[in-house]
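Colleague: Fold the following and give me the result.
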Amino acid sequence: MQIEMGPGAVTVLRPKPGELHVEASSPEFGDVVKRHLERFGTRDELTLTWIGD
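Modeller: Sure thing, here's the model as predicted:
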């Protein structure tokens, strides 16, 4: 699934069994996505492992 949030701001989501792979179009946009996932995930005890720049 690809989510376009504006020019140069694209996130690709790839679900896998037990995990979700997220790829952001830039390090800056990736940081925004990471912060949102961390905030929303605390309710459901989401474990976030972020690999990137």
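Colleague: Tell me where the protein has strands.
Modeller: Along the chain, counting by DSSP state E, strands occupy 2-6, 9-16, 19-24.
Colleague: Indicate which one of those strands is closest to Ile51.
Modeller: When those are compared by Cβ to Cβ, strand 19-24 sits nearest Ile51, at 9.8 Å. All C-beta spots, glycine's among them, are computed from the backbone N, C-alpha and C.
Colleague: Okay, buried residues for that closest one please.
Modeller: Neighbour counts over strand 19-24 (16 or more other Cβ atoms under 10 Å) mark Val22, Ala24 as buried.
Colleague: try stretch 8-16
Modeller: For stretch 8-16, a neighbour-count test (16+ other Cβ under 10 Å) marks Ala9, Thr11 as buried.
Colleague: Any chance you could list what contacts stretch 1-16?
Modeller: Leu20, His21, Val22, Glu23, Ala24, Ser25, Ser26, Phe29, Val33 (Cβ atoms under 8 Å, 6 or more residues apart in numbering).
Colleague: Repeat the analysis, applying 6 Å as the threshold.
Modeller: Applying Cβ atoms under 6 Å, 6 or more residues apart in numbering, the contact partners of stretch 1-16 are His21, Val22, Glu23, Ala24, Ser25, Phe29, Val33.
Colleague: what does stretch 36-53 give?
Modeller: With Cβ under 6 Å, 6+ apart as the test, stretch 36-53 has contacts from Pro27, Gly30, Lys34.
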